[in-house]
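S.K.: one predicted model, sequence on top.
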Amino acid sequence: MGVRLSLDDFGTGYSSLLYLMRLPLHEIKIDRSFIAGLGNEADSGAIVRSAVGLGHNLGLRVVAEGVQDRAAEAVLIEAGCDTAQGFLYGRPVAEADMTALLLTNPGSKGAAIAAPEREETPASSPEREGTPTP
C-alpha cells in the first residue's frame with residue numbers, strides 16, 4: 001500500500017518506549033523541544049544522540065523536527081540523523097503553492113541530512129514492518 005508510520009514528538013508526552021516495540025513503526029520524529037536546545041544545552045545533545053542511536057538500533061529512520069540553525073544541523077549530522085525539517089529549510093506553504101511545487105518537481109523527496117541509506121538490519125526486515133521493502 002505504500003503506507004509508512006511515524007511516531008511524532010518522540011520524547012514527550014505519551015511517546016512511550018513501549019510504542020517502539022508494539023507498533024509497526026518506520027520512523028521516529030524527535031520533538032523540536034530537544035532540537036531547540038542543541039548547541040547550548042548538553043542534556044539536549046545527549047538525548048538527541050541517544051534517540052538517534054535507539055532508532056537506528058531498532059531499524060527505524062530518525063527525523064529531527066524544528067531545525068532552525070546550522071549549529072543544530074551540524075549536531076544532527078554528527079549524530080547520524082537521517083532527515084530534518086524546520087524553518088532552516090523552509091517555511092510552511094499554502095496548499096496551492098505546495099501542489100504547484102510538487103507538480104514542477106515530481107522527483108523531489110526532500111532534503112536528507114545524513115549519509116546514504118543504511119543497510120537493512122534484522123529489526124527493519126519486512127517481517128517487522130509487515131510490508132515488502134521496495
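M.R.: Perfect, thanks for sending it.
S.K.: end-to-end on stretch 28-41?
M.R.: End-to-end span of stretch 28-41 (C-alpha to C-alpha, to the nearest Å): 22 Å.
S.K.: please apply the same query to stretch 72-91.
M.R.: One end of stretch 72-91 to the other measures 17 Å (C-alpha to C-alpha).
S.K.: run the chain-centre distance for it.
M.R.: Centroid displacement of stretch 72-91 relative to its chain, using C-alpha atoms, centre = their mean, to the nearest Å, is 9 Å.
S.K.: again, but for stretch 11-21
M.R.: Put simply, stretch 11-21 sits 15 Å off its chain's centre (C-alpha atoms, centre = their mean).
S.K.: ok, stretch 56-69 next?
M.R.: Computed by C-alpha atoms, centre = their mean, the chain-centroid distance of stretch 56-69 equals 3 Å.
S.K.: quick one: mean pLDDT for the helix or strand containing Leu103?
M.R.: Taking DSSP states H and E as the definition, Leu103 sits inside helix 95-104. Helix 95-104 shows a mean pLDDT of 89 in the predicted model.
S.K.: and stretch 46-64, by the same measure?
M.R.: For stretch 46-64, mean pLDDT rounds to 97.
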